[in-house]
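Peer 1: sequence first, predicted coordinates after that:
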Amino acid sequence: MGQIKTIEAVDQYILKLPEDIQNITASLRKIILEASPKLVEEYKWSMPNYTYKGLVCYLQASKKHVNLGFHRGVELKELDTNQLLQGTGKGMRHFRIKKMDEIQHDVFIEFIKAAIELNEK
């Protein structure tokens, strides 16, 4: 298996965040890249985005939380049995993570893989 490709722009984005938010963002980044070697890390719209045959997901950090967002999140609703996805837009939905212990590794991997599958159809 090839090495996980990260880019300098995202490294710099993470380094500028408050320490607790840095830890959450770095952990989510690792989960995203672990979910599929197909994903390409990019830096657009002032945040990390992950693509494969189109937009898949993104990380958006603020002072008090990090959003793990899905560009086609509305289409992932049937997978969201615990109603964890937030948002009211036409297409995008996100998980809001405020503390490290809110990271649900297996759940997030499942959603990322499902988002990739949407782009493969």
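Peer 2: Ah, there it is.

Peer 1: only C-alpha atoms for contact and neighbour calcs from this point on.
Peer 2: Will do.

Peer 1: so where's the longest strand in this protein?
Peer 2: The longest strand of the chain (DSSP state E) is strand 55-61.

Peer 1: so what secondary structure elements neighbour that one?
Peer 2: Packing partners of strand 55-61 (3 or more Cα pairs under 8 Å, 6 or more residues apart in numbering; DSSP states H and E): helix 19-35, strand 47-51, strand 66-70, helix 105-120.

Peer 1: so which of those is the most packed in?
Peer 2: strand 66-70 (a mean of 22; mean count of other Cα atoms under 10 Å).

Peer 1: so how far is it from its chain's centroid?
Peer 2: 5 Å (Cα atoms, centre = their mean, to the nearest Å).

Peer 1: how about stretch 31-39?
Peer 2: Counting by Cα atoms, centre = their mean, stretch 31-39 is centred 10 Å from the centre of its parent chain.

Peer 1: export only the CA atoms of that stretch, formatted as CSV.
Peer 2: C-alpha atoms of stretch 31-39 as CSV (Å, rounded to 0.1, in the frame of the first residue of the first chain):
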residue,chain,number,x,y,z
ILE,A,31,-9.2,9.1,10.0
ILE,A,32,-10.1,10.5,6.6
LEU,A,33,-6.9,9.4,5.0
GLU,A,34,-7.1,6.0,6.6
ALA,A,35,-10.6,5.5,5.2
SER,A,36,-9.4,5.2,1.6
PRO,A,37,-6.1,5.5,-0.2
LYS,A,38,-8.1,6.8,-3.2
LEU,A,39,-8.7,10.2,-1.4
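
Peer 1: understood, closing this out.
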